[in-house]
Each structure stands twice: as C-alpha cells, then as structure tokens.
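A.B. asks: return a 3D structure for these sequence lines:
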Amino acid sequence: MQVLLPPGWATPVGYANGIAVDAGRVVFIAGQVGWNAQQQFESADIAPQFEQALKNVLAVLALAGGEARHICRMTAYCCDKPAYLAARRALGAIWRQQMGQHYPAMSMIFVSDLLDSPGKIELEATAVLPTP
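C.D. replies: Alright, predicted model coming up:
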C-alpha cells in the first residue's frame, strides 16, 4: 500500500489524498452505524457512536482476515455537523486508539439524516488484504 501525496502538497490531517495498492483480496464493508451487535444504540452522542461504528467496521473486516492497516478508503456520513466539529478532538483520540496512525483515503459527507435513528454517523470502508 502506497500513500499518495503529490509533491508540494501539504500533508493532510486525518486522511490520505490517495492510496495505491498493487493486488490483493478486496473487501467492501457496508455502512456501519454506532449500534451494538443487537442493533441497539447505547448512546445518542456522536463520539460513542463513532467509536462503535469504527469497531463494527473492524469486526466485519476481521471476518475476512483483515486489519485496520488494510483499509484503503473510508467514507463517513454524518447528520450533525456542529456535533462533529465539537467532537473532533475526541474522535481523533478514538481513531488513534482503533486505527493507530493509519489514515486511508477518506471523505466526510454531511447529510440531512441517516436511516437508523438516533444514528448520527455512518462509516463504510474498502480494504485490500495482501495476497497470501
């Protein structure tokens, strides 16, 4: 996996501009919200929901034999921009706890609502596992 940063560009914070992968097993992870295994939200706050959604992404990836470092792309959908902005420091700490210093190509999209209420954030990911 190669992080792509064009010459002269400032280093992005919390994401990569691009990731190149030569080959491997591709894993597509559907949007995961911040609910537990019984599809129950334990909190209406964005930080605990983000943490659970990220754990859910990693749990699905683990079933395919993958780890956080194999995630190449992640898209986040959030329906509460003020809450997201207010929680950025906490979200960064959660990210580093779950993902370490691995930052895939990412997009953050603010939407009017999510299907699953009281969901505030949803994460989907694409990973490439190395060929054995």
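A.B. asks: thought residue 128 was touching residue 28, still the case?
C.D. replies: No - using Cβ atoms under 8 Å, residue 28 is not in contact with residue 128, being 10.5 Å away. For every residue, glycine as well, the C-beta is placed using N, CA and C.
A.B. asks: higher neighbour count, the two?
C.D. replies: Ranked by neighbour count (other Cβ atoms under 10 Å), residue 28 and residue 128 place residue 128 first, with 19 against 11.
A.B. asks: that one is in contact with residue 21, isn't it?
C.D. replies: Yes - with contact defined as Cβ under 8 Å, residue 128 reaches residue 21; the gap is 4.4 Å.
A.B. asks: helices along this protein, start to end?
C.D. replies: 46-63, 81-86, 88-99 (DSSP state H).
A.B. asks: the nearest residue to residue 11 once chain neighbours are set aside and residue 88: what is the separation?
C.D. replies: Take residue 11 and drop its neighbours on the chain: the residue closest to it by Cβ to Cβ, 6 or more residues apart in numbering is residue 5, 6.6 Å away. Distance of residue 5 to residue 88, computed by Cβ to Cβ, to the nearest Å: 22 Å.
A.B. asks: go on, residue 29?
C.D. replies: Using Cβ to Cβ, residue 29 is found at 23 Å from residue 88.
A.B. asks: which one's more surrounded, these two?
C.D. replies: residue 29 (21 against 11).
A.B. asks: contacts only, for that one.
C.D. replies: Listed by Cβ atoms under 8 Å, 6 or more residues apart in numbering, the contact set of residue 29 reads 57, 60-61, 124-127.
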